[in-house]
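Peer 1: structure, please.
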Amino acid sequence: MSLFFLVAALWRTPVDVVHAQTRVTQVLAFLFTRIRRIPFVTTCHGFFRANIGRRIWPCWGERVIAISDAVRKHLLQDFRVPAKKVVFIPNGIDVDQFAVALKTRDPQHRDRIVGIVARLSSVKGHRYLLQAMPAVLRVFPDAQLYIFGEGSMKFELVHLAEKLRIQERVFFLPNVSNTPDILPEIDIFVMPSIQEGLGLSLLEAQACGLPVVASDVGGIPTVVKHEVTGLLAPPRDPQALAAAIIRLMSDRELAMRLGERARKDVAEKFTVARMTAQVEKVYREVLRA
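Peer 2: Alright, predicted model coming up:
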């Protein structure tokens with residue numbers, strides 16, 4: 001039915017290239033472009049199960065954009081997508097929307113507010129951040145944790161905070177539609193994911209000049225270079241997370257240096273303009289093929 005409406009809506013519309021962003025739209029794009037005899041491109045934002053449906057009917061397109069090197073390797077190794085089809089183009093953000101808070105350049109500022117902006121899902125690793133906080137609070141009793149987001153795990157995470165007896169230092173806050181408004185409230189941004197395609201919220205935090213701590217998984221190392229633009233910790237390791245957070249709280253010079261370098265890195269490598277130019281190049285390639 002979706003294919004019928006798509007064909008009806010676009011049949012008379014001049015379309016040169018179709019770009020699909022999800023599995024459902026990949027399948028629709030494959031069918032539609034075979035009818036119209038035009039090329040299509042797909043973007044893979046994460047990791048997929050190598051189920052029989054994807055193996056029999058992959059629907060990858062003439063080019064497959066991988067948003068991180070880890071996703072690129074996943075496509076090559078787990079799905080045998082031909083290397084000539086796969087293009088690594090990281091996501092980009094509008095850096096100008098993210099102002100650097102004055103406190104990030106203040107040597108006297110005390111970094112005490114830890115924050116995460118992510119849906120409350122097991123894959124985001126919130127439980128490990130909560131489990132890290134008692135160790136942080138033993139060293140810095142005035143530390144606080146802000147958790148922005150909604151999701152199926154909220155009740156479980158609230159209960160875990162109570163079980164750890166840190167509920168008075170943890171604040172569960174709603175989803176935000178405009179992250180530039182709330183990121184300046186955070187001192188140290190943490191992403192303890194157990195799987196991540198790239199980590200868009202990491203880019204946004206770095207664009208604000210915040211020091212970040214993140215899991216060394218998936219596409220995160222594309223964004224966070226350990227000891228250069230942030231600190232990496234093993235996944236599912238509350239002790240390592242706590243040690244990294246305590247280190248940043250204890251070393252103001254390090255926090256400032258990482259945040260400043262991260263902001264420069266995002267402005268050079270992860271902008272919307274850079275991403276757009278690379279995607280347009282892919283469009284030109286498939287049109288010439």
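Peer 1: isn't there a helix covering A214?
Peer 2: No. Assigned with DSSP: H, G, I helix; E, B strand; the rest coil, A214 falls outside any helix and is strand.
Peer 1: can you list phi and psi of the nearest residue to it once chain neighbours are set aside for me?
Peer 2: The shortest distance from A214 to any non-neighbouring residue, by C-beta to C-beta, 6 or more residues apart in numbering, is to M191 (4.3 Å). C-beta: built from backbone N, CA, C; applies to glycine. With angles defined as degrees, to the nearest 10, M191 sits at phi -130, psi 100.
Peer 1: from what I see, M191 and I116 are in contact.
Peer 2: Yes. Using C-beta atoms under 8 Å, M191 is in contact with I116, at 6.5 Å.
Peer 1: overlap in contacts, the two.
Peer 2: Residues touching both M191 and I116 by C-beta atoms under 8 Å, 6 or more residues apart in numbering: K124.
Peer 1: gap between the residue nearest to A214 and A277?
Peer 2: Between M191 and A277 the computed distance is 27 Å (C-beta to C-beta, to the nearest Å).
Peer 1: higher neighbour count, the two?
Peer 2: Taking neighbours as other C-beta atoms under 10 Å, M191 and A277 compare with M191 leading, 24 against 12.
Peer 1: near the nearest residue to V217 once chain neighbours are set aside, how many other residues are there?
Peer 2: Of all residues not flanking V217 in the chain, P235 sits nearest, at 4.9 Å (C-beta to C-beta, 6+ apart). As a burial measure, P235 scores 20 neighbours (other C-beta under 10 Å).
Peer 1: report the contact partners of A135.
Peer 2: So A135 contacts P238, Q239, A242, A243, I246 (C-beta under 8 Å, 6+ apart).
Peer 1: is it true that K124 touches A118?
Peer 2: Yes. With contact defined as C-beta under 8 Å, K124 and A118 form a contacting pair (4.3 Å).
Peer 1: between these two, what contacts are shared?
Peer 2: Residues touching both K124 and A118 (C-beta under 8 Å, 6+ apart): M191, S193.
Peer 1: who are the contact partners of P90?
Peer 2: Per C-beta under 8 Å, 6+ apart, neighbours of P90: I67, S68, L198, G219, T222, V223, K269, F270, M275.
Peer 1: that one: which element?
Peer 2: Assigned by DSSP states H and E, P90 belongs to no helix or strand.
Peer 1: on that earlier part again, got a pLDDT number for the residue nearest to V217?
Peer 2: Predicted confidence (pLDDT) for P235: 97.
Peer 1: what about L258, how many neighbours?
Peer 2: Neighbours around L258, by other C-beta under 10 Å: 27.
Peer 1: and I113, what are its bridge partners?
Peer 2: Per DSSP bridges, the residues bridged to I113 are Q144.
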